[in-house]
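Task: produce atomic coordinates for the following.
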Amino acid sequence: MKKIFAILLCVLAIFAVSSCCDDTPPEAVGIFVHLVNKEDGSIDKVEDEIQDNVNICLRNDEISDKIIKEKATGKYSQAFFYFSMESYKDETVVSEEEYENIYYSRTKYYLLVNDPEGSSYNPKYETIKLTFGNGEDRIAVTYLPKKS
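Coordinates of the predicted model:
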């Protein structure tokens, strides 16, 4: 009887742990930005990457006049922004309609590269706006010019 009770407790414990610790990410759509230091720059050449830390800020003027999410490019000169209909880690939660708009690049969300209001603004570089509202690719290899 003790063995049956112990087995039953083990099965219940496994079920409880597996059901409360669901770490499966929801379906997500993303925008990827890779900054390069020349107009014909390549993501395959390390010397084409911007070595300085630059911020990339997610914005949507219909939702807020403030930064929604900020990422620093770091040493790989890139940033990822993920959107999903469910809350998960660092993803931005959006409605199903907006999720599809982002997926098909018809969204009002945009990215401001080297946003002056961001925490890691770099005064050596220009500020540029990347939009994804007219079918533009959600993978953006972007030339970020230095200020003159």
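
What average pLDDT does stretch 138-148 get?
Mean pLDDT, stretch 138-148: 90.

That one: end-to-end distance?
Distance between the two ends of stretch 138-148: 29 Å, counting by C-alpha to C-alpha, to the nearest Å.

Run through the bridge partners of the spatially most central residue of the chain.
The residue lying closest to the centre of the chain (C-alpha atoms, centre = their mean) is Phe81, at 1.1 Å. Phe81 forms beta bridges with Ile31, as assigned by DSSP bridges.

Could you list which residues are in contact with it?
Contact partners of Phe81, counting by C-beta atoms under 8 Å, 6 or more residues apart in numbering, are 30-33, 56, 58, 69, 71, 92, 111. To be clear about C-beta, it is placed using only N, CA and C from the backbone, and glycine gets the same treatment.

can you rerun that using 10 Å?
Counting by C-beta atoms under 10 Å, 6 or more residues apart in numbering, Phe81 makes contact with 29-33, 56-58, 68-69, 71, 90-92, 102, 109, 111, 138.

Then Leu58?
Going by C-beta under 10 Å, 6+ apart, Leu58 touches 31, 67-71, 79, 81, 83, 92, 109-112, 115.

Could you report the neighbour count for the closest residue to Pro145 other than its chain neighbours?
Closest residue in space to Pro145, ignoring its immediate chain neighbours: Glu126 at 5.0 Å, by C-beta to C-beta, 6 or more residues apart in numbering. Close neighbours of Glu126, defined as other C-beta atoms under 10 Å, add up to 13.
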